[in-house]
Each structure stands twice: as structure tokens, then as C-alpha cells.
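Following is a predicted model, sequence given first.
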Amino acid sequence: MAPGNRVLVLAEVMGGVIIPHSHEMFAAGMAIAEGLQVPLVLGLVGTDQDEALANIGTLDGSIETVTAVVDEGEMLPYEAWVDATSELVRSVDPHIVLASGTSFGNDYAPRMAARLGLPMASWVTSVTVDDQGLVVTRDVLGGRAETAIRCNSGTPFVISLEPGTIDPSPIGDIAAISLSDVFAELAPTSPGSQSTAHRKRLMGADRIVSGGRGMRSEEGVALIEELADVLDAAVGSSGAAVLMGLSPHETQVGSSGEVVRPKLYLAVGLSGTPQHTFGMRESQFIVAINKDPNAPIFQLADFGIVGDLFEIVPALIEALKKPA
């Protein structure tokens, strides 16, 4: 088999379970490999790959599986992931690399591509194969438009796939595992903020409660977290809340964080900048709480409450706790 004539999917493994977004990447990888008529290589990157391999079961015999262990040690997480994925890509020598489009993937993948000297297409929403090669589609102008890019068929490159845009294809028997129980500290916790390792992951959550600048302090953060607990929801945040040190970057929703599509999205104390709404505008039902009646978030919300979150959220929590 000629070197470079492969598609490599970098599936992320946390605690022995492949994260949900990697199943979407696997589906995209299979479609690309079929369209180009080349082999697909599934790369498991992270921790406890042996457990993940045991749970995968039987894959198509044409799909090769390779692993790379991430040993963070005293390194920052993204540095360890850059080292592990770079070595894996070098060993496989693929023509196309599919990397994660999560906030963590968007941290390590561009560094990996730069280290390897490979071009990269990020925020990709779809990939098609035609007679002339590969075409990727990506959002531009904060999601207000999209552009199609034809990739040079003779040049290896990296694709960072945006989560939630492709129907996932379960990798082997892994679908039987409860992915909602998988949590990982993917980045150092911001000063003054609490770890979110025990909470639901943003990616794939049906309900999300996000706090913004209006949280103001740890008291506001605690209210957002309590409301999320009552709703059995994941906790999100705006970029402003992250910059203020109220929330860790792993909770950020928007163009510089996660792109989410939950059934219910509660935007609390955040104004709704284009950078934030880019990451949540396709939620099925949006509720906004803000004391500014002219906040842009109300233009997107299905239901809005004008008022101080320090008064509204405690009342909402109390009402939700009452027996039906």
C-alpha cells in the first residue's frame, strides 16, 4: 500500500470511551475513504485505549486501528496531545487527517498541523468527494455565510470537523456505552473557577445553562451551576465570562469555543454577541434572562425574561424543585 494513500480519523478517547464527536468524524472519514477509494485508518488518541478497543468489537476488516497514548505528565494538555497526534500522523503517513472540532481539538490540531507543515481547513461543516478531489464547506463571517473550498488532491492536509453537522456512525459496539458518564479535564481550570470534571459535557448535551458577564462573581457562578443541576444540564459560558476568570475555557460556547445544538439552551446574564450566538443559534429552544431589554440575545430567544438573574434564577430554581 502506497504511503499517503489513507484517510486517518483522530478519535479522542477519554477514560476508555470514545467521545461523541469522534463518531461523527468516523462517519465522515468512511464517506471520504469510500469516495476516494482509499483505506480508512481509525486512530485512538487519549487515555485507556485498550478499554476502548475492547468495547469497539468487530470493525470492517479493511479499517486499520492504531493508538497513541497521551501522557500529560507536567506538560499542558494541548502540548501532550500535539506530541501524540504528530507522532501518530507521521507513522500512518495519511493523505487526509480528520481532527476534532471541539474547543480542545481546536487548540491542539492547528499546532499539530503547523508542526507537520500541513495545510488545514478548520470549522468544516461538510465534506464531499467529486471527480476532481475533495471539497470542504465551512462557515464564514460568524456563521452568516458559508464558503466551499476545493482541496489540492496532491497535497496532504488536515480537516477540523465542526461538531453536530454530520450524522454519527457508531464505532463498532461502542454505542452500547453510556457516553454521558464520560468526563475529562481537558484544560487547566481558570483561576478562581471550579473544575467542571464532574459535570455533563457540553458536546451532545440536551440541555445547557450558560452564564455570561452578568454572573459578576462566584455567587453568580454558583447560581448558574445550581440551575444546571436542577435541570440535569451541562454548564456553558460566554467568552466574556471566561476572560473574567469566572468560567474555564472548556465551558465556552461560541466561535472560539464549542458549537452546540441542544434541545434547550438557557442564556443567563449574557448579551448575545455574534461570537457567542455562532455557537448556539441552532438550539431547538432558547430562553434568555437579562436585565437589559435591548440585549441582542432577545432577538434570537424563543422566550425572554427581562430582570436581574440574582432574583430570577433563585425563583426559577425554587419552582423547578417543587413536586409536579
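The structure has been received and is ready for your questions.

domains in this structure, as residue ranges please.
Annotated domains of the chain cover 7-177, 191-321 [automatic domain parsing].

Packing partners of the strand ranked longest in the chain?
If you go by DSSP state E, the chain has its longest strand at strand 120-130. On a contact count with 3 or more CB pairs under 8 Å, 6 or more residues apart in numbering; DSSP states H and E, strand 120-130 meets helix 20-36, helix 105-116, strand 133-140, strand 145-151, strand 157-161. C-beta coordinates here come from the backbone N, C-alpha and C atoms, glycine included.

Show me what the mean pLDDT comes to for it.
The average pLDDT within strand 120-130 is 88.

looking at the helices and strands packed on strand 120-130, which is buried most?
Of all those, strand 157-161 carries the top mean neighbour count, a mean of 24, counting by mean count of other CB atoms under 10 Å.

For whichever helix or strand comes after it, C-alpha coordinates in CSV please.
Using DSSP states H and E, the helix or strand that directly follows strand 157-161 along the chain is strand 207-211. Taking Å, rounded to 0.1, in the frame of the first residue of the first chain, the C-alpha atoms of strand 207-211 are listed here in CSV:
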residue,chain,number,x,y,z
ARG,A,207,-29.9,20.9,28.0
ILE,A,208,-27.4,23.7,28.6
VAL,A,209,-27.3,26.6,31.0
SER,A,210,-24.8,29.3,30.1
GLY,A,211,-23.7,32.2,32.1
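
outside of strand 207-211, which residues touch it?
For strand 207-211, the surrounding residues in contact (CB atoms under 8 Å, 6 or more residues apart in numbering) are 202, 220-221, 224, 227-228, 231-238, 241, 246-247, 251, 253, 260, 262-270, 280, 283.

Mean pLDDT per helix and strand in the chain: which one sits at the bottom?
Of all helical and strand segments in the chain, the minimum by mean pLDDT, DSSP states H and E falls on helix 49-56, at a mean of 76.

circling back: return the subset of the contacts of strand 207-211 lying in helices.
Mapping these onto helices (DSSP state H) picks out 220-221, 224, 227-228, 231, 241.

What's the separation between the most centrally placed residue in the chain and residue 49?
Centroid-nearest residue in the chain: residue 102, 2.7 Å away (criterion: CA atoms, centre = their mean). For residue 102, the distance to residue 49 equals 18 Å [CB to CB, to the nearest Å].

ok so, going back, going through the contacts of strand 207-211, which ones are buried?
Neighbour counting by 16 or more other CB atoms under 10 Å classes 202, 220-221, 224, 227-228, 231, 233-238, 241, 246-247, 251, 253, 260, 262, 264-270, 280, 283 among the contacts of strand 207-211 as buried.

Identify those among those residues that sit within strands.
Among these, the members found in strands (DSSP E) are 234-237, 264-268.

want to throw these into JSON lines with pLDDT?
Compiled in JSON lines, those are given as follows (pLDDT from 0 to 100):
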{"residue": "234", "pLDDT": "94"}
{"residue": "235", "pLDDT": "95"}
{"residue": "236", "pLDDT": "95"}
{"residue": "237", "pLDDT": "94"}
{"residue": "264", "pLDDT": "90"}
{"residue": "265", "pLDDT": "93"}
{"residue": "266", "pLDDT": "94"}
{"residue": "267", "pLDDT": "95"}
{"residue": "268", "pLDDT": "96"}
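
I'd like these as a markdown table, with distance to residue 166 appended.
Formatted as a markdown table, these follow (distance: CB to CB, whole Å):
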| residue | distance to residue 166 |
| --- | --- |
| 234 | 21 |
| 235 | 26 |
| 236 | 22 |
| 237 | 26 |
| 264 | 23 |
| 265 | 21 |
| 266 | 26 |
| 267 | 26 |
| 268 | 30 |
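
What is the burial count for the nearest residue to residue 223 once chain neighbours are set aside?
Spatial nearest neighbour of residue 223, excluding adjacent residues (CB to CB, 6 or more residues apart in numbering): residue 313 at 4.7 Å. As a burial measure, residue 313 scores 24 neighbours (other CB atoms under 10 Å).

how about residue 313, what does it touch?
223-224, 226-227, 268, 289.

returning to what we had before: what's the closest of the ones in helices among the contacts of strand 207-211 to residue 118?
Sorting the ones in helices among the contacts of strand 207-211 by how near they are to residue 118, with CB to CB, puts residue 241 at the top with 33.8 Å.

which stretches of the stretch 1-150 of the chain have low pLDDT?
Along the stretch 1-150 of the chain, segments meeting pLDDT under 70 span 1-4, 15, 57-58, 60-61, 71-77, 103, 142-144.

Please repeat the previous calculation with a cut-off of 50.
Within the stretch 1-150 of the chain, the segments meeting pLDDT under 50 span 1-3.

With the stretch 201-324 of the chain instead?
Short version for the stretch 201-324 of the chain, where the test is pLDDT under 50: none.

run the last query once more with 80
Along the stretch 201-324 of the chain, the parts satisfying pLDDT under 80 run over 203, 255-256, 323-324.
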